[in-house]
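[1] Make a model of this:
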Amino acid sequence: MCFSAISSFSAGIALTAIGVACVKKTHHSSQHLFACIPLIFGVQQITEGILWLSIPRPEYINIQKTTTFIFLFFAEILWPIWVPISLLMLEENETRKKIQKILLGAGIIVSIYLAYCLLSYQVEAKIIGHHITYIQEYPASLRNYSMILYGLATIVPPFFSHIKRMYFFGIAILISYIISAIFYNHYILSVWCFFAAIISLSIHTIVTEKTNNKQREHPEIYFK
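    Predicted coordinates for the structure are as follows:
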């Protein structure tokens, strides 16, 4: 997160609580991955909170390296797969399912590539001003291609969901990415993950609405 350890921990605790509430509201396995998104974001924000505390202290260099890798694992490897597959599991329209599978394919490709980079190249987290920036010595020649695939996997899926509110969720994520890219270009990974985490609070509304709809359609499943 881009402001302080306290902000990261506060966001992490709040998101974890919301995530647990979302999971409790699900009554079908197809909803579980989507409902877990705020919970995972909560863990990611707590991880960055620990990173905030460890960076200024050389004696905690091992903790710093570990939390840097954990944060980047969530940001670069997990989300490009988790987002499209969670929406694919919710999808009921066959045509939209095919599109979600293509987006999932893009996510798998970029996740494998970024996993290779994370393990093969130097990465470092630094506090500059009131922000954490992640210095990654990844190949510059493939940067644009990886960004396109990453965007396809993490931003586009909500726009192809049959769930109405998911469209607004996608718009919010897209706007937050644009704001991060324009005003926080050097800290985009950290800042955008924070914005996306806060936006993911709307997942509680989406899960609740979808569960209520299922209850009305199939009361015999929920009220035995």
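[2] residue contacts, the most centrally placed residue in the chain?
    In the chain, the centroid-proximal residue (C-alpha atoms, centre = their mean) is Trp79; its distance is 4.8 Å. Under the criterion of C-beta atoms under 8 Å, 6 or more residues apart in numbering, the contact list for Trp79 reads 153-154. Any C-beta I mention is one placed from the backbone N, CA and C, and that applies to glycine too.
[3] Just checking, which helix or strand succeeds the particular helix or strand that has it in it along the chain?
    Here Trp79 sits within helix 79-90, counting by DSSP states H and E. Downstream of helix 79-90, the first helix or strand assigned by DSSP H and E is helix 94-120.
[4] in this structure, which spans are strands?
    123-128, 131-136 (DSSP state E).
[5] what's in contact with the first one?
    Think strand 123-128. Strand 123-128 is contacted from outside by 51-52, 55-56, 64, 67-69, 71-72, 132-137, 186-187, using C-beta under 8 Å, 6+ apart.
[6] Could I get the average pLDDT for that strand?
    The average pLDDT within strand 123-128 is 89.
[7] ok, it: who's next to it in the sheet?
    Take DSSP bridges as the rule and strand 123-128 pairs in its sheet with strand 131-136 (antiparallel).
[8] Tell me how far the partner strand lies from the chain's centre.
    Remark: strand 131-136 is offset 17 Å from the chain centroid, using C-alpha atoms, centre = their mean, to the nearest Å.
[9] again with stretch 44-52
    The chain centroid and the centroid of stretch 44-52 are separated by 14 Å under C-alpha atoms, centre = their mean.
[10] can you check stretch 167-174 too?
    Chain-centre distance of stretch 167-174: 13 Å, with C-alpha atoms, centre = their mean.
[11] what does that stretch contact?
    Contacts for stretch 167-174 (C-beta under 8 Å, 6+ apart): 154-159, 161, 195-196, 199, 202-203, 206.
[12] Helices - which of those residues land there?
    Secondary structure from DSSP state H places 154, 195-196, 199, 202-203, 206 of the contacts of stretch 167-174 in helices.
[13] Contacts only, for the closest residue to Leu114 other than its chain neighbours.
    Excluding the flanking residues, the one nearest Leu114 by C-beta to C-beta, 6 or more residues apart in numbering is Glu76, at 4.2 Å. Glu76 makes contacts with 111, 114-115, 118, 150, 189, as judged by C-beta under 8 Å, 6+ apart.
[14] Out of those residues, which is nearest to Cys22?
    For the contacts of Glu76, the closest approach to Cys22 (C-beta to C-beta) belongs to Ser111, at 23.5 Å.
[15] could you give the angle of the helix holding Trp79 to helix 94-120?
    160 degrees (axes from the mean of the first three to the mean of the last three C-alpha atoms, to 10 degrees).
[16] Sketch out the low-pLDDT regions of this protein for me.
    For the chain, the stretches with pLDDT under 70 are 1-3, 182-188, 210-224.
[17] Good, wrapping up.
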